[in-house]
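*Asks:* using only what follows, build the 3D model:
(chains A, B and C)
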Amino acid sequence: MLATLDLAGVFVFAVSGALTASRKELDIVGFAFVATVTGLGGGTLRDLLLDVGPVFWVHKPHYLLVTTLAAVLVFFTAHRVEVRYRLLLWADALGLALFCVVGARIARDAGAPFPVAVLMGMTSAVMGGLLRDIICNELPLVLRRELYWTPALLGAVVAIGLDGLGLPPAAGGFAGFAAAFGLRAAALRFDLALPAYKPRPGRPWGRDVPASALRPPPEP
Amino acid sequence: MLATLDLAGVFVFAVSGALTASRKELDIVGFAFVATVTGLGGGTLRDLLLDVGPVFWVHKPHYLLVTTLAAVLVFFTAHRVEVRYRLLLWADALGLALFCVVGARIARDAGAPFPVAVLMGMTSAVMGGLLRDIICNELPLVLRRELYWTPALLGAVVAIGLDGLGLPPAAGGFAGFAAAFGLRAAALRFDLALPAYKPRPGRPWGRDVPASALRPPPEP
Amino acid sequence: MLATLDLAGVFVFAVSGALTASRKELDIVGFAFVATVTGLGGGTLRDLLLDVGPVFWVHKPHYLLVTTLAAVLVFFTAHRVEVRYRLLLWADALGLALFCVVGARIARDAGAPFPVAVLMGMTSAVMGGLLRDIICNELPLVLRRELYWTPALLGAVVAIGLDGLGLPPAAGGFAGFAAAFGLRAAALRFDLALPAYKPRPGRPWGRDVPASALRPPPEP
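*Replies:* Just a heads-up that it's a prediction; the model follows:
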């Protein structure tokens, strides 16, 4: 069950990676690499931090097959999609909701205490997409105004919270997934956001930093 | 002692992360995530490289408590601070000085040879802030003109150098911290810098790169 | 043999890191740090993912000596080079060709199945340079139009493919290196590229994303 959800999360994140590769007009090998890093990145970091032996996909090559398939699929079909960026956002949202549950549970099973397991769920959910955006030199999705970290946090808390109450795994897993995906979907649909930090009016950022203090990035 | 300094370093780096989150006007969950990654990032990388089992905070949730507290504190008070960017620089400088000593010693205790221990001190000191700047899409502090890597190098060398001479740990630790923080503070205060590499006059960077060779980053 | 090639790869990647540091006009400690991260980054990630104990350079300080030497060398001589950016590209190409062979073989020796070993070869070959570009806030080389991932893929497949056929290691290693370097060199020389993904004509990227959906990066 956990393995199936994990594989589904890998697939949708790989799709989001391939869609980002399409925005950068990479070739098919680039698609496969970015899709693989996006699909496997979050779980890889989780496994490294938990020190649970070789990372989950190192002896299971079918994960690479899945990410490569996602890349090939997107390479040959994405131009048929009307709104690729919106598709990217929804694939990312699905991956986020799947991975926050899976990541938190794997951490819990490895003996991590509750807050660490929640952070591991967030890490699994957020880091693959963050790597994708960094590798492709995109503005990271996590900096968008609508709720992004909060759905991951909520899904992880709900899933392992219900697990802790002794509910059957399917219940906790579904509830966690639904909470995370529902909240992220609502955020995308209705521009939901927690109150953002606001600087004092009339005191814009950087006022105290002379422009000369930071070197402008040289021409590439 | 090492543990207390480590926790203090985690706190000040978390503050610097939260201040960066405030520059990006994130919400409170974003503050907590960025503060956590900044506070724990350098030490996490150090532990991963040294392969000393699960990373230090995985079974010690109080580290997450400290980074979350720092985030909440900054979220509700940063607008009262006159010069947030300057505060960020000083919090970063404190974290740098604490972590170069702690990181080098932990590496030494794990059996790393002298140059590797020094690099681990630098890694602990620099990588949390680098992750912070990458995640938040800021120009990395490490590229600023004033001394940044050198104070971390100096602090690590002084601390484990004095340890190697048989001085009591408090002496080496304090001397290393003072050397690193003093040098970074002087660099910030007086714009100290080592001679930077200078291209030949009249031969600007990139002369040999036609603009067409690099694709412009597409609109997000 | 593997160790010598590895060291050579570390050296040329360190040179490429130092050349990037020169583009950013860093000081000599910055040169050494960027050269070290570039030279050791790919192999470090490979070793972390394979979980083969402490990372290869942690108990072998001569790797740090090599990266530091490369940094010092470039710091004092790069201004004599006519075309530094071109030199960077070629050093990067050499490192790419060396590391895709070495990385794939190390993974194979650690028991990874064929596709995972190929990915590890690509990871070793690509990630050091990617880290270099991210740390220095440069447009990542991997996003350039000419073949970049494909030579790494080819070199890894050729090397461990021939190994699998029972050829002597020198043959597979040389063939893999020659295939990767030859293809990357041809790509640089003749602007070779696989067909890139193309958006539908008349449907420019981001059309479906209102500019207001993404927050502009604030002034640093």
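*Asks:* pop out the phi and psi values for the closest residue to chain B within chain A.
*Replies:* Per CB to the nearest CB, A:Leu194 is where chain A lies closest to chain B, at 3.6 Å. (Glycine included, C-beta is placed from N, CA and C.) When quoted as degrees, to the nearest 10, the phi and psi of A:Leu194 stand at phi -70, psi 160.
*Asks:* isn't it up against B:Asp27?
*Replies:* Yes: A:Leu194 lies in contact with B:Asp27 (CB atoms under 8 Å); the separation is 3.6 Å.
*Asks:* now do the shared contacts for the two.
*Replies:* Residues touching both A:Leu194 and B:Asp27 by CB atoms under 8 Å, 6 or more residues apart in numbering or on different chains: A:147, A:150.
*Asks:* now do the same contact list for A:Leu64.
*Replies:* A:36, A:57, C:115-116, C:119.
*Asks:* now do the longest helix along chain A, average pLDDT.
*Replies:* For chain A, the helix reaching the highest residue count under DSSP state H is reported as helix A:84-109. Averaged across helix A:84-109, the pLDDT comes to 90.
*Asks:* contacting residues for A:Val29?
*Replies:* Contacts of A:Val29 (CB under 8 Å, 6+ apart): C:149-150, C:153, C:194.
*Asks:* try it again with 6 Å
*Replies:* C:149-150, C:153 (CB atoms under 6 Å, 6 or more residues apart in numbering or on different chains).
*Asks:* separation between A:Ala186 and A:Ala179?
*Replies:* Distance, A:Ala186 to A:Ala179, by CB to CB, to the nearest Å: 11 Å.
*Asks:* between the two, which one's more packed in?
*Replies:* A:Ala179 (21 against 14; other CB atoms under 10 Å in any protein chain shown).
*Asks:* which helix or which strand is home to the more buried one?
*Replies:* Using DSSP states H and E, A:Ala179 sits in helix A:169-190.
*Asks:* what number of residues lie near A:Leu40?
*Replies:* A:Leu40, neighbours per other CB under 10 Å, totals 27.
*Asks:* grab the nearest non-local neighbour of it.
*Replies:* Take A:Leu40 and drop its neighbours on the chain: the residue closest to it by CB to CB, 6 or more residues apart in numbering or on different chains is A:Trp57, 5.6 Å away.
*Asks:* same check, this time on A:Asp92
*Replies:* Using CB to CB, 6+ apart, the closest residue to A:Asp92 is A:Ser16 (4.5 Å).
*Asks:* pLDDT score for that neighbour?
*Replies:* 92.
*Asks:* surely it touches A:Leu88?
*Replies:* Yes: with contact defined as CB atoms under 6 Å, A:Ser16 and A:Leu88 form a contacting pair (5.2 Å).
*Asks:* ok and the longest helix of chain A relative to helix A:169-190, angle-wise?
*Replies:* 150 degrees (axes from the mean of the first three to the mean of the last three CA atoms, to 10 degrees).
*Asks:* for the helix or strand following helix A:84-109, which helices and strands make contact with it?
*Replies:* Downstream of helix A:84-109, the first helix or strand assigned by DSSP H and E is helix A:114-135. With contacts taken as 3 or more CB pairs under 6 Å, 6 or more residues apart in numbering or on different chains; DSSP states H and E, helix A:114-135 sits against helix A:2-23, helix A:28-50, helix A:84-109, helix A:149-164.
*Asks:* so the last one, near chain B or not?
*Replies:* Looking back up the chat, that one is helix A:149-164. Yes: counting by CB under 6 Å from any CB of the partner chain, chain B has neighbours in helix A:149-164: A:149-150, A:153.
*Asks:* so A:Val52, which state does it fall into?
*Replies:* coil (DSSP: H, G, I helix; E, B strand; the rest coil).
*Asks:* try A:Leu147
*Replies:* A:Leu147 - assigned by three-state DSSP - is coil.
*Asks:* repeat for A:Leu26
*Replies:* A:Leu26 - assigned by three-state DSSP - is coil.
*Asks:* state the distance from it to A:Thr77.
*Replies:* Separation of A:Leu26 from A:Thr77 (CB to CB): 16 Å.
*Asks:* whatever helix or strand A:Val66 lives in - what's its average pLDDT?
*Replies:* Using DSSP H and E, A:Val66 maps to helix A:62-77. Confidence for helix A:62-77, expressed as mean pLDDT, is 93.
*Asks:* next: stretch A:113-123.
*Replies:* 93.
*Asks:* list the buried ones in it?
*Replies:* A:114-123 (16 or more other CB atoms under 10 Å in any protein chain shown).
*Asks:* ok now it, how far from the chain's centre?
*Replies:* 14 Å (CA atoms, centre = their mean, to the nearest Å).
*Asks:* contacts for that stretch?
*Replies:* A:45-46, A:100, A:103-104, A:107-108, A:152-153, A:156-157, A:160, B:58, B:61, B:64.
*Asks:* same check on stretch A:150-159?
*Replies:* Here stretch A:150-159 has contacts from A:96-97, A:100-101, A:104, A:118, A:121-122, A:125-126, A:172-173, A:175-176, A:179-180, A:183-184, B:29, using CB under 6 Å, 6+ apart.
*Asks:* try 7 Å
*Replies:* A:96-97, A:100-101, A:104-105, A:118, A:121-122, A:125-126, A:172-173, A:175-177, A:179-180, A:183-184, A:187, A:194, B:29 (CB atoms under 7 Å, 6 or more residues apart in numbering or on different chains).
*Asks:* how about stretch A:124-132?
*Replies:* Residues contacting stretch A:124-132 (CB under 7 Å, 6+ apart): A:13, A:16-17, A:20, A:34, A:37-39, A:41-43, A:45-46, A:92, A:95-96, A:99-100, A:102-103, A:140-142, A:149, A:152, B:135.
*Asks:* buried among those? Need that as a selection in PyMOL.
*Replies:* Remark: buried members of those, expressed as a PyMOL selection using 16+ other CB under 10 Å:
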select buried, (chain A and resi 13+16+17+20+34+37+38+39+41+42+43+45+46+92+95+96+99+100+102+103+140+141+142+149+152) or (chain B and resi 135)
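*Asks:* just how off-centre is stretch A:76-90 within its chain?
*Replies:* Per CA atoms, centre = their mean, the centroid offset for stretch A:76-90 relative to its chain is 18 Å.
*Asks:* for A:Leu49, give me its contacts.
*Replies:* A:Leu49 neighbours (CB under 7 Å, 6+ apart): A:120, B:44, B:55, B:58.
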